[in-house]
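Q: curious how this folds, go ahead:
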Amino acid sequence: MRIYDNIEKYGSEYKEDIHRMINDLIDIRDNEEATSNYFDTFINTLPKYERWRIDKLNNEDTNSFSLPCGAISPDKVSSFIRSLLICIRDEASFGYLFYECQSFINRETEFSVDCMPDKLKIQYALKFDIDDTIKKLEQIENQKDKCLFLLDKECESDMNEYKGELKDKYELFCKHEIERIKERESLKGGNHKNRPSEEDLPWILGNKEQKEKTLNTLKFLIGDNKAAHACKVLVAAIQCGAITKPKYSQIIVHFQNIGEKQGYYFQLSKYGNETYQIEIAPFLKYFNTVK
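A: The predicted structure follows:
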């Protein structure tokens, strides 16, 4: 997460405390009540201090003021919260903590900044973080698998009920990464000699350029996989109008690892069933995007 970079840049004298508290909060950041309780106990200690001060004025025998281990000293609360706010401002998954910090600042100043937490946005940010996605991509060696992973994430994001800037940014990131991977793989393939003619591809719709583009996309998404995977891609291409249902004799020419004829037709029929629509959804979304 970018928040740790922000701590190094903007944490000032509170770097260690902010880092420790973010680690404490990271597992409860989607829980509004737990975040609020943590904030009141360890960060905003001023109310507790004021209550103690009033008690002390009324009763000299009141015990000395004490705080839980790791809590911020009352005289540093304001400056600490300002530093913390800068560190978390770009991290939507900490929306509840942002609300607590900004509400504190609003009460201190004449200007009020809207900081009401958006539950759907917070939950979306937890699931679809670009930095986390990049780290997961780095762990995938096969380029096609990277592309399929991104397709799954983009499709999952599309079905999420949150609508907003975070979603648009994340899905645009997925699209750009997929195109970057495809372009890199295309360059590896050289100048594509012996390209099939338009007459060789009656099952692919469109003009010669469209046919070639669709075939290259199919080759990229199917790769060396057998019918169980290939037919998910083919059914998606059929549903979006890129191809007609290809005969086994037509498809085996381009995808030799697809397996036996009987298995091919079985898988093609299987994924044509609405029951399996969710499994072809990422490929369907991709074909609709690249039309």
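Q: just the pLDDT for residue 193.
A: Note for residue 193: predicted pLDDT of 48.
Q: what stretches of the protein score poorly on pLDDT?
A: 185-200, 290-291 (pLDDT under 70).
Q: again, only using 50
A: Within the chain, the segments meeting pLDDT under 50 span 191-193, 198.
Q: residue 257 and residue 230, how far apart?
A: 8 Å (C-beta to C-beta, to the nearest Å). In this view, the C-beta of every residue, glycine as well, is placed from N, C-alpha and C.
Q: name the residue in those two with the higher neighbour count.
A: Of the pair residue 257 and residue 230, residue 230 is the one with more neighbours under other C-beta atoms under 10 Å, namely 24 against 13.
Q: which residues belonging to whichever strand or helix holds that one are considered buried?
A: Using DSSP states H and E, the element containing residue 230 is helix 227-239. Judged by neighbour count (16 or more other C-beta atoms under 10 Å), helix 227-239 contains these buried residues: 227, 229-239.
Q: make CSV from those residues and add distance to residue 169 to it.
A: Formatted as CSV, those follow (distance: C-beta to C-beta, whole Å):
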residue, distance to residue 169
227, 37
229, 30
230, 32
231, 33
232, 28
233, 27
234, 31
235, 30
236, 25
237, 28
238, 31
239, 28
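Q: from the residues you listed, which is closest to residue 98?
A: residue 236 (39.5 Å; C-beta to C-beta).
Q: so what's that closest one closest to, chain neighbours aside?
A: Nearest non-adjacent residue to residue 236, counting by C-beta to C-beta, 6 or more residues apart in numbering: residue 283, 3.6 Å away.
Q: give the contact list for the one you found.
A: Going by C-beta atoms under 8 Å, 6 or more residues apart in numbering, residue 283 touches 151, 221, 232-233, 236-237.
Q: go again with 10 Å.
A: Residue 283 is in contact with 148, 151-152, 155, 217-218, 221-222, 229, 232-237, 239-240, 271, counting by C-beta atoms under 10 Å, 6 or more residues apart in numbering.
Q: surely it is in a helix?
A: Yes: looking at residue 283 with DSSP: H, G, I helix; E, B strand; the rest coil, it is inside a helix.
Q: so what's in contact with residue 257 and residue 230 at the same time?
A: 222-224.
Q: these two touch, right, residue 95 and residue 31?
A: No: in this structure, residue 95 is not within contact of residue 31 by C-beta atoms under 10 Å, at 11.5 Å.
Q: between the two, who's got more neighbours?
A: Just comparing residue 95 and residue 31: by other C-beta under 10 Å the higher neighbour count belongs to residue 95, 23 against 14.
Q: what strand or helix carries that one?
A: helix 95-108.
Q: for the helix or strand hosting residue 180, the distance to its chain's centre please.
A: Here residue 180 is covered by helix 165-188, with elements defined by DSSP H and E. Its chain's C-alpha centre and that of helix 165-188 lie 13 Å apart, by C-alpha atoms, centre = their mean, to the nearest Å.
Q: put the alpha carbons of it into PDB.
A: This file holds the C-alpha atoms of helix 165-188, laid out as PDB (Å, rounded to 0.1, in the frame of the first residue of the first chain):
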ATOM      1  CA  GLU A 165     -13.600   7.200  -9.400                       C
ATOM      2  CA  LEU A 166     -11.800   4.300  -7.700                       C
ATOM      3  CA  LYS A 167     -13.600   1.800  -9.800                       C
ATOM      4  CA  ASP A 168     -12.900   3.700 -13.100                       C
ATOM      5  CA  LYS A 169      -9.300   4.100 -12.200                       C
ATOM      6  CA  TYR A 170      -8.800   0.400 -11.300                       C
ATOM      7  CA  GLU A 171     -10.600  -1.000 -14.400                       C
ATOM      8  CA  LEU A 172      -8.600   1.400 -16.600                       C
ATOM      9  CA  PHE A 173      -5.400   0.100 -15.000                       C
ATOM     10  CA  CYS A 174      -6.400  -3.500 -15.800                       C
ATOM     11  CA  LYS A 175      -7.200  -2.600 -19.400                       C
ATOM     12  CA  HIS A 176      -3.800  -0.800 -19.800                       C
ATOM     13  CA  GLU A 177      -1.900  -3.700 -18.300                       C
ATOM     14  CA  ILE A 178      -3.600  -6.200 -20.500                       C
ATOM     15  CA  GLU A 179      -2.800  -4.200 -23.600                       C
ATOM     16  CA  ARG A 180       0.800  -3.700 -22.500                       C
ATOM     17  CA  ILE A 181       1.200  -7.500 -22.000                       C
ATOM     18  CA  LYS A 182      -0.400  -8.200 -25.400                       C
ATOM     19  CA  GLU A 183       1.800  -5.600 -27.100                       C
ATOM     20  CA  ARG A 184       5.000  -7.100 -25.500                       C
ATOM     21  CA  GLU A 185       4.000 -10.600 -26.500                       C
ATOM     22  CA  SER A 186       3.100  -9.500 -30.100                       C
ATOM     23  CA  LEU A 187       6.600  -8.000 -30.400                       C
ATOM     24  CA  LYS A 188       8.100 -11.300 -29.400                       C
END
